[in-house]
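[1] Predicted coordinates and the sequence they were generated for:
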Amino acid sequence: MNECHKLAINKFLPLQPEFEKNTKYYIEYKETNFAHQSQLLFYQFQMSHAPINSIAVIPDGCIDILFQCDAQNPSVNVCGSVLQRKEINFQANTEYFGVRFLPQKHQFNFSVKELLDREIPLADLLIVEPHVLEKIICGSTFNQRTNLFKNSIGNKFLSDRTYPEVIKNALTSIYSSRGNLSINELADQTGYSSRYLRKQFEEWVGISPKLFTQIVRFQYSLHMLIKIGDQTIFDVVNESGYYDQAHLIKEFKKFSHLTPKKIIEIFSKDLVYSI
């Protein structure tokens with residue numbers, strides 16, 4: 001993989017701020033798997049004792065494998081990216097371990113597109129020995145679960161096949177521009193037609209290049225607002241290529257149901273991860 005693509009995938013760090021804010025504790029670890037051109041985010045959290053435990057997830061263009069680490073009621077689900085803010089219910093006082101990664105043509109029995117906005121048991125998508133899943137669920141530490149996953153399931157679900165050049169080049173352009181480019185610009189930069197790009201994205205990423213670019217821009221803008229000090233809404237508008245403040249607000253409400261101002265009020269002071 002060329003250095004430009006390495007840098008691009010390493011810098012795309014999508015946020016799910018409620019995982020950190022609305023849990024009893026939250027930890028994470030990022031790792032770039034250059035062999036498979038994947039950015040992996042390992043994370044773990046525990047829900048509170050409250051009878052109703054829910055977390056709102058937002059579009060990030062990624063896929064998660066989520067382990068419910070309860071020996072009496074275990075589960076392992078593959079969660080496709082949502083396309084707008086969605087409340088997910090979790091079991092009270094329970095620990096969860098997750099792995100988040102950018103979409104590619106994995107060894108699942110479902111296409112990436114079929115995973116969108118769905119939770120499907122891992123056993124329905126991939127042949128994994130039950131004792132392997134049990135070891136991860138019953139792991140005593142975050143590091144132990146991370147290593148168990150990498151040494152067992154990780155080698156199974158990451159495809160040995162790399163992205164075709166059209167997708168690799170398109171993703172490099174999208175990440176490098178932080179989603180600040182039009183589909184016509186993307187076509188010009190990659191040398192492929194807009195129609196061909198849409199077809200390839202449907203197969204490999206599951207959504208159109210336009211929507212994926214919007215999600216990447218939203219995620220980078222979110223990062224600016226809650227993780228980088230002294231960034232105003234006008235700074236985000238100017239740097240991220242929104243037409244104006246109204247355009248920024250419209251896109252934030254589309255993906256998160258919140259205005260940029262409300263997101264700053266809720267999240268900017270409390271988050272320490274995903275920087």
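    Yep, it's here. Just so it is clear, the model here is predicted, and its values are computed rather than measured.

[2] And the strands in the chain, which stretches?
    25-33, 38-46, 53-57, 63-68, 75-79, 86-90, 95-101, 119-121 (DSSP state E).

[3] need those strands in TSV with mean pLDDT, distance to residue 176 and mean neighbour count, can you?
    C-beta here means a position set from N, CA and C on the backbone, and glycine is covered the same way. Output for those, formatted as TSV (pLDDT from 0 to 100; distance: least, CB to CB, whole Å; neighbours: other CB atoms under 10 Å):
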stretch	mean pLDDT	distance to residue 176	mean neighbour count
strand 25-33	86	15	15
strand 38-46	88	14	20
strand 53-57	91	26	18
strand 63-68	95	22	20
strand 75-79	94	27	20
strand 86-90	94	29	13
strand 95-101	94	19	22
strand 119-121	93	32	13
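
[4] With distance to residue 153 added, can I get these in TSV?
    Listed next are the strands of the chain as TSV, based on distance: least, CB to CB, whole Å:
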stretch	distance to residue 153
strand 25-33	13
strand 38-46	12
strand 53-57	22
strand 63-68	7
strand 75-79	9
strand 86-90	21
strand 95-101	8
strand 119-121	14
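
[5] tell me the domain ranges of this protein?
    The record's domain split for the chain, according to automatic domain parsing, is 3-157, 165-267.

[6] So what's the gap between the first one and the chain middle?
    When C-alpha coordinates are averaged (CA atoms, centre = their mean, to the nearest Å), domain 3-157 and its chain have centres 9 Å apart.

[7] do the same with the shortest one
    Domain 165-267 has its average C-alpha position 14 Å from the chain's average C-alpha position, going by CA atoms, centre = their mean.

[8] Mean pLDDT lowest where, among the domains of the chain?
    The weakest mean pLDDT among these belongs to domain 3-157, with a mean of 85.

[9] Of the strands of the chain, which is nearest residue 165?
    Smallest distance to residue 165 across the strands of the chain (CB to CB): 17.2 Å, for strand 38-46.

[10] Looking at the strands of the chain, which is nearest to residue 132?
    The closest of the strands of the chain to residue 132 is strand 75-79. By CB to CB, the value is 10.0 Å.

[11] which residues make contact with that closest one from outside it?
    With CB atoms under 8 Å, 6 or more residues apart in numbering as the test, strand 75-79 has contacts from 63-68, 108, 115, 118-123, 125, 133, 136-137.

[12] relative to strand 86-90, how tilted is that strand?
    Orientation check (axes from the mean of the first three to the mean of the last three CA atoms, to 10 degrees): strand 75-79 against strand 86-90 gives 170 degrees.

[13] Strand 75-79 pairs with which strands, parallel or anti?
    Here strand 75-79 is paired, per DSSP bridges, with strand 63-68 (antiparallel), strand 119-121 (antiparallel).

[14] State the distance from the most centrally placed residue in the chain to residue 80.
    Of all residues in the chain, the one closest to the mean position by CA atoms, centre = their mean is residue 62, 3.3 Å from it. In this view, residue 62 and residue 80 are 9 Å apart by CB to CB, to the nearest Å.
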